[in-house]
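# Okay, here's the prediction I keep looking at, along with the sequence it came from:
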Amino acid sequence: MSTRFIVNQYVAHGVLTKITTKQAERPSYRRMSDGPATSSMQASQNAPSPRTRVSDFRVLAGAAIGVILILAILGQANWLAASLGVMGLILFSTVWYFGTVDPAIEVKDDPEAAMLEARRKSAQEKAFRTSLVEALPEPALYIDAQGKVEAANPAARQTFRFVGAEPQLTAVVRKPELLDAVASARQTGETQRFEFVERDETDRYFACVAAPLGAGILVSMHDLTDIKRVELARVDFLANASHELRTPLTSLSGFIETLRGPARDDAEARERFLEIMQAQADRMKRLISDLMSLSRIELVEHRPPDEQTDLAGVVKEVAAALAPVAATRGVTVRLRGADSPIPVTGVRDELAQVVQNLIDNAVKYSEPQGVVEVELSPELSGDQAAARAGRLWESAGHMSIVSATGRGPCVALRVTDAGPGIERQYLPRLSERFYRVDPGRGLRPGTGLGLAIVKHVVQRHRGSFLVESEPGRGSAFGVVLPMRRAGGAS
């Protein structure tokens with residue numbers, strides 16, 4: 001063998017040995033997508049840093065270049081071959097380095113890059129959690145490790161009335177059940193189930209789950225209001241119907257027994273008894289109809305309507321329909337402020353029921369030749385509308401049966417009669433079911449459910465219901481409703 005071949009073999013063997021040794025010392029670098037996560041993590045922890053590898057390649061390349069140059073000086077290799085060898089070695093070293101370096105190690109050894117990578121991952125995780133919460137149909141919250149509400153969907157924001165971005169949970173939620181469940185889920189790492197009631201203009205019932213998710217807690221809520229209201233309505237209907245129907249049913253049973261017995265052949269008594277029985281049957285029909293209306297309204301009371309209705313048109317239609325009834329009693333219904341349309345957000349049939357009950361009550365309690373004033377006052381502020389609806393008589397008794405503090409323009413509906421009036425102490429109970437003022441103070445036939453229906457309809461429409469009355473002067477019942485803004489909002 002020639003000396004040149006022996007030296008070349010030695011150099012080649014040294015280079016290969018060095019590369020093989022370094023390759024054996026470092027684990028197999030594989031990305032997360034090419035193998036198990038644990039292998040990649042171990043490789044990142046055990047592999048030499050990029051700076052150490054660069055230093056090794058520099059020493060290796062320098063030694064190889066020195067050997068080649070020595071061969072060229074000794075005449076064992078020509079300068080062209082030496083130059084090509086040096087360039088080939090540099091190229092090979094560069095390709096090998098960038099082909100085997102682990103990016104995770106580069107980030108690990110670079111504090112700034114590591115910080116940027118951590119921020120990127122944190123932003124991705126936060127975006128995922130926000131998308132998850134936003135996709136849930138019912139109220140949902142994500143509370144981070146610092147107790148801030150990191151994400152909340154529109155249903156939750158509407159339920160808890162959020163203010164600002166990422167507020168503290170204790171600043172927007174006052175429910176001990178929810179706060180305790182979040183704290184327990186964070187401490188124990190176990191899912192917590194609980195229920196709570198959101199007290200508002202109308203109560204809302206929720207069944208909730210607080211589950212650990214990452215470093216925070218995901219709270220999801222299921223609205224049980226409809227189910228609870230059905231249960232309550234069933235109980236109330238049975239209790240009220242059984243109580244109020246007992247009297248007319250007893251009366252009917254007594255008259256039937258009398259007609260079958262002593263009055264069987266008494267034509268005059270039979271006609272009188274049949275007339276009374278007809279009146280009792282009509283009363284039962286009205287009672288059942290009002291109870292059904294009240295139950296239907298209570299079932300949807302927590303859901304505000306989104307329809308647009310012309311309140312002026314509703315008032316004109318109802319006033320025209322009740323004009324014949326008022327005429328038979330010698331009462332005049334006088335209408336003001338209904339010449340132009342007044343758009344409000346509401347259900348037409350329910351608002352018609354409100355207007356009908358108020359005008360019908362005013363007609364019933366008015367004396368013959370009396371006048372019932374029905375007045376509409378649009379484009380008022382909330383305070384102005386409330387004053388117009390039920391704050392005009394200084395010496396009268398005043399009562400806010402339902403009060404809502406809405407923003408934007410409002411319309412006030414005021415129905416005034418010239419009846420006997422109601423003493424101040426009776427005003428707070430006017431909207432109770434079946435409550436009726438003492439007969440000596442102007443009682444008229446009815447079921448005692450009309451004002452209760454008005455109250456619940458106004459609550460559903462997020463309005464106000466007011467009354468003022470003065471004995472000897474009469475009574476005035478007022479309703480305030482938010483007007484429909486341009487663009488369809490109220």
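Perfect, I can see it now.
# Could you use CA atoms for every contact and neighbour count after this?
Noted.
# Walking through the stretch 351-490 of the chain, point out its helices one by one.
Per DSSP state H, counting those that start in this stretch, the stretch 351-490 of the chain has helices spanning 382-390, 450-460. These are given in chain order.
# Nearest to Thr225, out of those?
Using C-alpha to C-alpha as the criterion, the shortest distance between Thr225 and the helices of the stretch 351-490 of the chain is 13.9 Å, found for helix 450-460.
# if you average pLDDT over that closest one, what comes out?
On average, the pLDDT along helix 450-460 is 88.
# which helices and strands does that helix pack with?
Where contact means 3 or more C-alpha pairs under 8 Å, 6 or more residues apart in numbering; DSSP states H and E, helix 450-460 is packed against helix 267-299, helix 348-365, strand 397-402, strand 464-470.
# Dump the helices of the stretch 351-490 of the chain to TSV, plus distance to Gly62 and mean neighbour count.
Putting those into TSV (distance: least, C-alpha to C-alpha, whole Å; neighbours: other C-alpha atoms under 10 Å) gives the following:
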stretch	distance to Gly62	mean neighbour count
helix 382-390	87	22
helix 450-460	86	24
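# closest one to Arg424 among these?
Closest to Arg424 of the helices of the stretch 351-490 of the chain, according to C-alpha to C-alpha: helix 382-390, at 13.9 Å.
# helices or strands up against that closest one?
strand 410-416, strand 464-470, strand 474-482.
# what about 6 Å?
For helix 382-390, the elements it packs on are strand 410-416, strand 464-470, judged by 3 or more C-alpha pairs under 6 Å, 6 or more residues apart in numbering; DSSP states H and E.
# Let's see it as CSV, backbone CA atoms only.
This file holds the C-alpha atoms of helix 382-390, laid out as CSV (Å, rounded to 0.1, in the frame of the first residue of the first chain):
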residue,chain,number,x,y,z
GLY,A,382,-88.2,56.1,32.0
ASP,A,383,-88.8,58.5,34.9
GLN,A,384,-91.1,60.8,32.9
ALA,A,385,-93.1,57.8,31.7
ALA,A,386,-93.5,56.5,35.3
ALA,A,387,-94.6,59.9,36.5
ARG,A,388,-97.1,60.2,33.6
ALA,A,389,-98.5,56.7,34.2
GLY,A,390,-99.0,56.8,37.9
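# mean confidence score for stretch 407-421?
pLDDT averaged over stretch 407-421 gives 89.
# Would you mind measuring the gap between the ends of it?
Chord length of stretch 407-421, first to last residue, is 32 Å (C-alpha to C-alpha, to the nearest Å).
# Run through who's touching that stretch.
By C-alpha atoms under 6 Å, 6 or more residues apart in numbering, the residues outside stretch 407-421 that reach it are 362, 365-367, 372-381, 385, 389, 469-483.
# Can you mark which positions in it are buried?
Of all the residues in stretch 407-421, those buried under the rule 16 or more other C-alpha atoms under 10 Å are 409-421.
# And for stretch 115-133?
With burial defined by 16+ other C-alpha under 10 Å, the residues of stretch 115-133 counted as buried are 129-130, 132-133.
# Can I get stretch 305-315 in CSV, CA atoms only?
Extracted as CSV, the C-alpha positions of stretch 305-315 are listed here (Å, rounded to 0.1, in the frame of the first residue of the first chain):
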residue,chain,number,x,y,z
PRO,A,305,-90.5,38.9,23.5
ASP,A,306,-88.8,40.0,20.3
GLU,A,307,-91.8,40.9,18.1
GLN,A,308,-92.7,44.4,17.1
THR,A,309,-96.2,45.6,17.9
ASP,A,310,-98.0,48.9,17.3
LEU,A,311,-99.4,49.7,20.8
ALA,A,312,-101.6,52.6,19.5
GLY,A,313,-103.3,50.1,17.1
VAL,A,314,-103.8,47.6,19.9
VAL,A,315,-105.4,50.3,22.2
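# Please spell out the PyMOL selection for the buried subset of the contacts of stretch 407-421.
Buried residues within the contacts of stretch 407-421, by 16+ other C-alpha under 10 Å, are selected in PyMOL with:
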select buried, resi 362+365+366+367+372+373+374+375+376+377+378+380+381+385+389+469+470+471+474+475+476+477+478+479+480+481+482+483
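# So for the one residue sitting closest to the centre of the chain, what pLDDT did the model give?
For the chain, the residue nearest the mean C-alpha position is Ala155 (2.8 Å; C-alpha atoms, centre = their mean). pLDDT, Ala155: 83.
# Let me know whether it touches Pro139 as I believe.
Yes - with the criterion set as C-alpha atoms under 6 Å, Ala155 and Pro139 qualify as a contacting pair; they are 4.7 Å apart.
# Would you point out the helix or strand in this structure whose mean pLDDT is lowest?
helix 3-25 (a mean of 38; mean pLDDT, DSSP states H and E).
# pLDDT on the host helix or strand of Gly85, on average?
Counting by DSSP states H and E, the element that carries Gly85 is helix 79-100. Along helix 79-100, the predicted local confidence has a mean pLDDT of 68.
# Pro324 in helix, strand or coil?
Using DSSP: H, G, I helix; E, B strand; the rest coil, the secondary structure recorded for Pro324 is helix.
# Contact partners for it?
No contacts exist for Pro324 under C-alpha under 6 Å, 6+ apart.
# returning to what we had before: let me know the closest of the buried residues of stretch 407-421 to Arg283.
The shortest gap between Arg283 and any of the buried residues of stretch 407-421 belongs to Gly419, at 23.4 Å (C-alpha to C-alpha).
# how close does that closest one sit to Thr170?
Note on Gly419: its distance to Thr170, by C-alpha to C-alpha, is 52 Å.
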